[in-house]
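Trainee: task: produce atomic coordinates for the following.
(one chain, ligands or ions: 2)
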Amino acid sequence: MEILLESLYFAVPLYIANSFATLTLTIPYIKNWDTPIDLGKSFKGKRILGNGKTFRGLLFGTLFAVLSGIFQYYLSGRINFTYLDYKDKQLSFFILSSFLLGFGALIGDMVKSFFKRRIDIKRGQPWPPFDQLDFLTGGILLYSLYTIPNFKIVLILYIVTPVGHLVSNIVAYYLKLKDVWW
Ligand code: CTP
Ligand code: MG
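Mentor: Numbering: from 1, shown residues only. Ligands and ions are numbered 1, 2, ... in the order given. Below is the predicted model:
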C-alpha cells in the first residue's frame, strides 16, 4: 500500500502535466491560444501531429508540473518516505525532476500522436494502449537521464496509470472537456 502511494506521489508532476494540457481548454483567454505545435503542417499528406497538440498544452502542462514539484519540495520534509529518498533533497532537485517528468510526459504524448497520424488514426480517436502509456513512458525516460527511478515504482506505475487514465477520461467526458469517454 505504502509503495503504491509513494509511486503515485513520485508521478504527480507527470500526471499534472498530462491533465493540465487538457484542462487549459477551460481557462478563459488561454483556451483561445490553440496554435498547433506542428503549425498545421503535413508530412506525406498527413498532419505531422494534428490539432490536439498545442503550444498551450505543452507550456501550461510543463508549468503546472514544475509548480507541483515545488509544492512537493515543501511537503517532502514532512513526510516519512520508505521508497523515495526525498527527505534531504534540495529545491533544485524537485524543480529539475518535475520538469523532466512533466515535459517528458508531453513529449511522449507528441511522439505517440506522430505515429498515430502516420497510421491514419484521426486526432482524438483511441489507440490503446499507447494513449494510456505514452506520457508515462516519456516522463520516465526523460527523468531517467537524470536519476534512475526505483524499478518497483516504475512497474507499479505501468499497472495503475492505464486504470487512472481511463477513470480521468470518463470524468473529463462528463465535464465536457472531451468528446469521447476514452
Ligand atoms: N492538448 C493540448 N496540447 C497538448 C496535449 C493536449 O492542447 N500538448 C489538449 C488538446 O485540446 C487535446 C486534449 O488536450 O485535444 C486531449 O489530449 P489528447 O488526448 O492527448 O489529444 P487528442 O485530441 O486525443 O489527439 P491525439 O489523437 O493526437 O492523441
Ligand atoms: Mg486522446
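Trainee: which helix in the chain runs the most residues?
Mentor: When the chain is parsed with DSSP state H, its longest helix is helix 91-118.
Trainee: which secondary structure elements does it contact?
Mentor: Applying 3 or more Cβ pairs under 8 Å, 6 or more residues apart in numbering; DSSP states H and E, we find helix 91-118 packed against helix 2-23, strand 46-47, helix 55-76, helix 130-144. For the C-beta atoms, the positions are set from N, CA and C on the backbone; glycine is no exception.
Trainee: can you put those in a markdown table and add distance to residue 162 and mean neighbour count?
Mentor: Shown next, in a markdown table, are those (distance: least, Cβ to Cβ, whole Å; neighbours: other Cβ atoms under 10 Å):
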| stretch | distance to residue 162 | mean neighbour count |
| --- | --- | --- |
| helix 2-23 | 13 | 21 |
| strand 46-47 | 26 | 16 |
| helix 55-76 | 19 | 19 |
| helix 130-144 | 4 | 22 |
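Trainee: save those as CSV, and put in mean pLDDT and distance to residue 32 too.
Mentor: Listed next are the helices and strands packed on helix 91-118 as CSV, based on pLDDT from 0 to 100; distance: least, Cβ to Cβ, whole Å:
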stretch, mean pLDDT, distance to residue 32
helix 2-23, 96, 15
strand 46-47, 96, 21
helix 55-76, 97, 9
helix 130-144, 97, 25
